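>>> Any chance you could fold what I've pasted below:
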Amino acid sequence: MNREIPGYYFDQEKKKYFKIEKTQTAPSSVAWSSDAVKRRKVEDKVQKSARRRAYLTRNHIKRHFLAKDAVCSALLTREIGLPYAAERGRGRLEDRDLGAAAWADGLVAKGDVPFAPSFARQRYPNMPCFHVSGEDDKTGLGVAYATLDEEALVGSYIPTNKNDSIHFSREAPSSSGRALAFRTEMVRCPQMSSIKYHRSSHKMLLTSREPEHSCGLYLFSPLLSDPEDETRPHWLIGERNNYERLSVRHGLHDEWMVHSSAPAPPSSDLVCVLGSNNGLVQVHSNETLSAIAPKVAPKGMKLPQEIFAQDFQEGNHNILLAGGRQPRLWITDLRAPEPQWSFSKHASSITHIKSVNPHQVLVSGLQSSMALYDTRFLSRNPRGTKPLLHFPEHHNEAHIHVGWDVAPALNVVAAAQDNGTGMPRERLPSLFVGEGPSLRKLSLGVKRWEDEA
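Numbering: from 1, shown residues only. Next comes the predicted model:
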């Protein structure tokens, strides 16, 4: 604040003092004329008074309590029919979060699948990985695969009642899948890191984080029952007595660890893409493996190294997105003779990736970094692309192996192990969370069927 000198005017733009001159002798429109100085003093006094009044009355204005409830306020706006109500093909602020908020607020516990006996005294950590499938339209049973010791694969059916709650029957025979029973598959995958399912080939895909001399994939196909036999589930869990392990060595790497797999879409000739500590490896339908990297990398060429997550672009199986320990979102076209990688710099290491539509990808990583990117603007310039959207409420500072998934149809992100898979006869996806030795199910709805309006 500059000191006020009697008879002088301080110009804020020119940063200098001017002697106040009478209006009759001063040039027209100058700032140091006596009338101009008096006018500015009056204007400053009025503005200062208005600011003080706004400061004193700031607590007099209170937002209605309904405005804090995204669901109630949006529904009320719809009912009163404001002129900026939503129209087909157009969004609005009040409707932006309505679907997601309604789904999240309506989540209720729908039971669990215990993968350990109730009398077991051993304490189990949370499940490192699991998979939930809803392929059985014949009986309506879901299927869950999980591991508690990171080596053995245990399966269970998921029977539900008319309220979509998990319900095991004590009278039903074991072969029906509606009685509580655990079925162990004849496969051993040490330090199991992911469990996925490739629908086109009907194969379960298991990856291992145990250091090995080659990059490998464990896979098997669950047996299927007779389509005409409605007394048995479509998948016959625990009845397959063999499995395969595919492996390949690439370059000079002597130690391989596979973090995850991304099943390929039905239109692709691949089974999946593996993310490892030495980059990406693609598994072809003829069960051969090859690295997604140039045979001879040019000097100075930046390539993906340790990869934690990868996904195919929605609607285009030729475009692959990946992320890992390097704070970069990678993208490449698998049709190119030699892979050419474009990337965008992320805030930290990337642990999860999901393509939510043909042009946008959601990325989550360490240091609580979650952002939405537009793939059309990814560039080889690290500073050339900025996220479209940040998620400041996301919190994950240092955990790499943490559950996370997206339900694009609901515009919902779940910071838990959720694959967005619904049971065969459910209308909306359910959230499955591995908590200790139990697999909990949460869905939108009411707790009891009698409460349904």
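
>>> and Ala70, what are its phi and psi?
Backbone torsions for Ala70, taken as degrees, to the nearest 10, come to phi -60, psi -40.

>>> That one against Ala101, yeah?
Yes. The pair Ala70 and Ala101 passes the contact test of C-beta atoms under 8 Å, sitting 4.0 Å apart. Backbone N, C-alpha and C define where each C-beta goes, glycine included.

>>> buried residues in stretch 144-163?
Within stretch 144-163, the residues that count as buried by 16 or more other C-beta atoms under 10 Å are 144-148, 150, 152-160, 163.

>>> Please disregard the earlier target; I meant stretch 344-353.
For stretch 344-353, burial by neighbour count (16+ other C-beta under 10 Å) applies to Ser344, His346, Ala347, Ser348, Ser349, Ile350, Thr351, His352, Ile353.

>>> Out of those residues, which sit inside strands?
Among the buried residues of stretch 344-353, the members found in strands (DSSP state E) are Ser344, Ile350, Thr351, His352, Ile353.

>>> Any idea what the fourth one is bridged to?
Here His352 shows beta-bridge partners Ser364, assigned using DSSP bridges.

>>> From Tyr243, how far off is it?
Computed as C-beta to C-beta, to the nearest Å, the His352 to Tyr243 distance reads 27 Å.

>>> Over to the third one?
Thr351 sits 28 Å away from Tyr243, taking C-beta to C-beta as the criterion.

>>> Lys345 now?
According to C-beta to C-beta, Lys345 and Tyr243 sit 40 Å apart.

>>> Tell me how many other residues crowd Glu397.
For Glu397, the count of nearby residues is 9 (other C-beta atoms under 10 Å).

>>> just Pro263 next, same as before
There are 21 residues near Pro263, going by other C-beta under 10 Å.

>>> Identify the residue spatially nearest to it, adjacent ones excluded.
His198 (4.3 Å; C-beta to C-beta, 6 or more residues apart in numbering).

>>> Identify the bridge partners of the one you found.
For His198, the beta-bridge partners under DSSP bridges are Lys203.

>>> can you check Trp235 too?
Trp235 forms beta bridges with Leu224, as assigned by DSSP bridges.

>>> what do you get for the one 10 residues further on?
Arg245 forms beta bridges with Tyr218, as assigned by DSSP bridges.

>>> oh, and call the first residue 277 from now on, that's how I've got it
Sure, I'll start counting at 277 from here, so that last one is Arg521.

>>> Closest to Lys298 out of the ones in strands among the buried residues of stretch 620-629?
Nearest to Lys298 out of those is Ser620 (C-beta to C-beta; 63.4 Å).

>>> how far away is the closest one from Arg604?
From Ser620 to Arg604 the distance is 7 Å (C-beta to C-beta).

>>> among the buried residues of stretch 420-439, which two are most distant?
Distance extremes for those: the farthest pair is Glu426 and Asn439 at 34.1 Å, using C-beta to C-beta.

>>> Leu352 should be in a helix, yeah?
Yes. Assigned with DSSP: H, G, I helix; E, B strand; the rest coil, Leu352 falls within a helix.

>>> close enough to count as contact, it and Phe341?
No. Taking contacts as C-beta under 8 Å, Leu352 lies outside contact range of Phe341: 11.8 Å.

>>> can you give me the helices for this structure?
310-332, 346-356, 374-381 (DSSP state H).

>>> Could you dump the ones you listed into TSV and include distance to Ser706, mean pLDDT and mean neighbour count?
What follows is the helices of the chain, written out as TSV (distance: least, C-beta to C-beta, whole Å; pLDDT from 0 to 100; neighbours: other C-beta atoms under 10 Å):
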stretch	distance to Ser706	mean pLDDT	mean neighbour count
helix 310-332	49	86	11
helix 346-356	20	75	16
helix 374-381	11	75	16
